[in-house]
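# What shape does this take:
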Amino acid sequence: MTNFLSNNNFSVYIQPGIPAQVSPCPDQHVGIYNKSGFKYLPSRINIDYQKSLSGALSIVNQLNNPVVIILESPHIEEFKVPLGPAKGTTGRLFENGIHNFHTLIQRSTIYSTISSFFNIDIIFINAVQFQCSLGNKLNKANTIIRDNNWIQAFNNGFSQDVVDRIKAINPISVINLCTKGYLNMQLLLHEVVKVYTPYTFGTHPSTWNFAYARIF
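Residues are numbered from 1 along each chain as shown. Alright, predicted model coming up:
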């Protein structure tokens, strides 16, 4: 997998400590969505980015009407082999929560647009591909550290990285499901990716068993 900021040292932006995992978590094609619902692939497929001699960005993968789901950054489960985004509670609730992806997207503002496509490839990406939580348990203090690490990275070049990756995938829609945290990371991401249409945002999938779960 190509990380477009491979020359940008993530450890420069984190306070305090060093990341538990120094490698980026790959973006992945994780499942298929259609009017019958969402289903995970038997095996996830890493998105293979490439850059031409002219600097143009693209992917090797052949995707069918991709929709990009953006999360914030990988935590602990995401680095268990094989690596991948949303492998813990977040991933399970995406398919099996009380308010799973299918039930929430049907009520969203973009459903009428994406439902016109027969099959849609669902792509999970992290806005920052590195472990902003540093592998620590996410109590309040460590969550604030995670948020600060994410914001420092995002404001120092990693925002362009997520834009480059989205452009390379060339999705039919982008859905911002980044957690707000304590410092509203979702709003920072929103300002960068809202140019993609159709675009929407929603509550982080880890909350999808609660009444306030929503994709707008």
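# Which parts of this protein are strands?
With DSSP state E as the criterion, the chain has strands at 28-34, 37-46, 49-51, 57-59, 67-71, 120-126, 173-176, 199-201.
# Can you say which of those strands is nearest to Q160?
Nearest to Q160, of all those, is strand 57-59, at 11.3 Å by C-beta to C-beta. Heads up, the C-betas are built off the backbone N, CA and C, glycines and all.
# Check the offset of that closest one from the chain's centre.
18 Å (C-alpha atoms, centre = their mean, to the nearest Å).
# Flag every buried residue along it.
57, 59 (16 or more other C-beta atoms under 10 Å).
# With mean pLDDT as added columns, please give the strands of the chain in TSV.
Formatted as TSV, the strands of the chain follow (pLDDT from 0 to 100):
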stretch	mean pLDDT
strand 28-34	98
strand 37-46	96
strand 49-51	89
strand 57-59	91
strand 67-71	98
strand 120-126	98
strand 173-176	98
strand 199-201	98
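# now for the ones you listed, which one comes closest to A153?
strand 120-126 (11.0 Å).
# The closest one pairs with which strands, and in what direction?
Strand pairing for strand 120-126, using DSSP bridges, gives strand 28-34 (antiparallel), strand 67-71 (parallel).
# which parts of the first one are buried?
So the one you mean is strand 28-34. For strand 28-34, by 16+ other C-beta under 10 Å, it's 28-33.
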